[in-house]
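Below is the sequence, then the predicted model.
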Amino acid sequence: MKNLFLSICTAAVLVSCGTVASSSKAGKSQPSIANTKWTLADNVKGQTPTLNVEGAKISGNSGCNRYFGAVTMETASGKFAASQMGSTKMACDNMSVEKNFLDMVQKANRYVVSGESLELYQDNLLLLKFNKAE
């Protein structure tokens, strides 16, 4: 959880400073991620956040609670848009970590698949990186 919190805070600082990460695959055609499962690349204590894409729906674990929502993806441009997000409401040690994770999923507007990894971006800013789950 501490590493996830630090990662989320780092990303927030980068957004506020206007620092932009770039990807060589930005705006290019991407493979479909429908019917795939991903785990957050950061090592975190406790439950590792996940992203499951099932057709036009997403779900997973946000570190404590389960979340769910809708997703729109365009493989031709790599556009990604999560909407209609909801989650269970169990109390956790650090709810701000979970809130930040869910906020980043909702802020993502494009995705890049590179081998066995999935990166979610807001424009050219890398928000989250996932590894393909087995």
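Everything's here; your move.

hey, where'd the helices end up in the chain?
Counting by DSSP state H, the chain has these helices, from start to end: 2-17, 95-107.

Which of the ones you listed comes out lowest on mean pLDDT?
Per-segment mean pLDDT for the helices of the chain reaches its minimum on helix 2-17, at a mean of 47.

Could you list the residues in contact with stretch 74-91?
By Cβ atoms under 8 Å, 6 or more residues apart in numbering, the surrounding residues in contact with stretch 74-91 are 25-32, 58, 62, 64-73, 102, 105-106, 108-112, 120. All C-beta atoms are positioned from the backbone trio N, CA, C, and that covers glycine.

mind redoing it with 7 Å?
Taking contacts as Cβ atoms under 7 Å, 6 or more residues apart in numbering, the residues outside stretch 74-91 that touch it are 27-32, 58, 62, 64-73, 102, 105-106, 108-112, 120.

Now do that stretch: distance from first to last residue.
With Cα to Cα, to the nearest Å applied, stretch 74-91 spans 35 Å between its terminal residues.

quick one on the thing from earlier: which among the contacts of stretch 74-91 end up buried?
For the contacts of stretch 74-91, burial is judged from neighbour counts taken by 16 or more other Cβ atoms under 10 Å, and it is met by 30, 58, 62, 64-65, 67, 69, 71, 73, 102, 105, 108-112, 120.

Model confidence at residue 65, what's the number?
According to the model's per-residue confidence, residue 65 sits at a pLDDT of 95.

ok, so what distance separates it from residue 74?
For residue 65, the distance to residue 74 equals 29 Å [Cβ to Cβ, to the nearest Å].

Please apply the same query to residue 64.
Look at residue 64 and residue 74: by Cβ to Cβ, they are 31 Å apart.

Also residue 117?
Shown here: residue 117 relative to residue 74, a distance of 20 Å by Cβ to Cβ.

go on, residue 131?
The spacing between residue 131 and residue 74, counted by Cβ to Cβ, is 23 Å.
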